[in-house]
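>>> next comes the sequence, and after it the predicted model I'd like to discuss.
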Amino acid sequence: MKRIQILLPSVVLIFAVAALGQSTKSTTSASQPQTTQPPATIASAVDREISGVEKQILDAAMAMPEDKFNFSPESLNIPGADYKGVRSFAVQVKHIAASNYFLWSGLTGDKLPANLKDGNGPEDVKSKAEILKFLQDSFALGHKAAATLTTENVLQIPEHSKSTRLRLATFAVAHAFNHYGQMVEYLRMNGIVPPASRGKSD
């Protein structure tokens, strides 16, 4: 009984100190300004998706060495495989960028680059550095396109298009992810683990 009488004040004291600590913490938190995120919008949601695919594609493009940038699986002569005429790694990257321009310029009203003739990108853009710059510029246009989206205009069909503004904005992301998958295969064919997969069990 004596032991219980000694322990009881100790337990009460522990709870009292804990409660005081919580009270102080709550008061401190309440007195400090709260940082709140701005409310999500259609523009910010689409922009986030663009940022996600942009990072993966840029990281994958940078991971391929300069001397392998023109790699195509056609060169491997894999028995039973038919890779004849497929795009090289470099052209895969240029194709993503070219498609970005074609799709997102419809939202921004920007003119296409003068040397952009088709979906394979400009012929005079050849080095790794030039291709990466072309790719980065195309994603900059994507962020600009996302910023134009509002609840009022998202279902409008821009001039010279058959698709809504939302469709153009999001299809560019889906298309980029499709070709990112092909870039990943090309990296692995060259013994390179894609940056997004590093540090994870393969």
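Arrived safely, thanks for sending. Residues are numbered from 1 along each chain as shown.
>>> point out where the protein drops to low pLDDT.
In the predicted model, the chain carries pLDDT under 70 at residues 1-35, 200-202.
>>> so how far is I131 from the residue nearest the centre of it?
Most central in the chain under C-alpha atoms, centre = their mean is G52, positioned 1.6 Å from the mean C-alpha point. Separation of G52 from I131 (C-beta to C-beta, to the nearest Å) stands at 21 Å. (C-beta placed from N, C-alpha, C; glycine too.)
>>> repeat that for N70.
Distance of N70 to I131, given as C-beta to C-beta: 10 Å.
>>> okay, the two: which has more neighbours?
I131 (21 against 14; other C-beta atoms under 10 Å).
>>> where's the helix or strand containing V173 relative to the chain centroid, distance-wise?
Element membership for V173 (DSSP states H and E) is helix 165-189. Distance of helix 165-189 from the chain centroid (C-alpha atoms, centre = their mean, to the nearest Å) equals 10 Å.
>>> that helix: which residues count as buried?
Along helix 165-189, these residues count as buried under the neighbour rule (16 or more other C-beta atoms under 10 Å): 165-166, 168-170, 172-173, 175-176, 179-180, 182-184, 186-187, 189.
>>> what's that helix packed up against?
helix 42-63, helix 89-108, helix 128-147 (3 or more C-beta pairs under 8 Å, 6 or more residues apart in numbering; DSSP states H and E).
>>> export the last one as PDB, just CAs?
By that I understand helix 128-147. Presented in PDB, the C-alpha positions along helix 128-147 are these (Å, rounded to 0.1, in the frame of the first residue of the first chain):
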ATOM      1  CA  LYS A 128      23.700  16.000 -76.800                       C
ATOM      2  CA  ALA A 129      23.900  19.500 -75.500                       C
ATOM      3  CA  GLU A 130      21.800  20.900 -78.300                       C
ATOM      4  CA  ILE A 131      19.200  18.200 -77.900                       C
ATOM      5  CA  LEU A 132      19.000  18.700 -74.200                       C
ATOM      6  CA  LYS A 133      18.500  22.500 -74.700                       C
ATOM      7  CA  PHE A 134      15.700  21.800 -77.300                       C
ATOM      8  CA  LEU A 135      14.100  19.400 -74.800                       C
ATOM      9  CA  GLN A 136      14.300  21.900 -71.900                       C
ATOM     10  CA  ASP A 137      12.900  24.700 -74.000                       C
ATOM     11  CA  SER A 138       9.900  22.500 -75.000                       C
ATOM     12  CA  PHE A 139       9.100  21.900 -71.300                       C
ATOM     13  CA  ALA A 140       9.400  25.600 -70.600                       C
ATOM     14  CA  LEU A 141       6.600  26.000 -73.100                       C
ATOM     15  CA  GLY A 142       4.600  23.300 -71.300                       C
ATOM     16  CA  HIS A 143       4.700  25.300 -68.100                       C
ATOM     17  CA  LYS A 144       3.600  28.400 -69.900                       C
ATOM     18  CA  ALA A 145       0.800  26.400 -71.500                       C
ATOM     19  CA  ALA A 146      -0.300  25.000 -68.100                       C
ATOM     20  CA  ALA A 147      -0.500  28.500 -66.700                       C
END
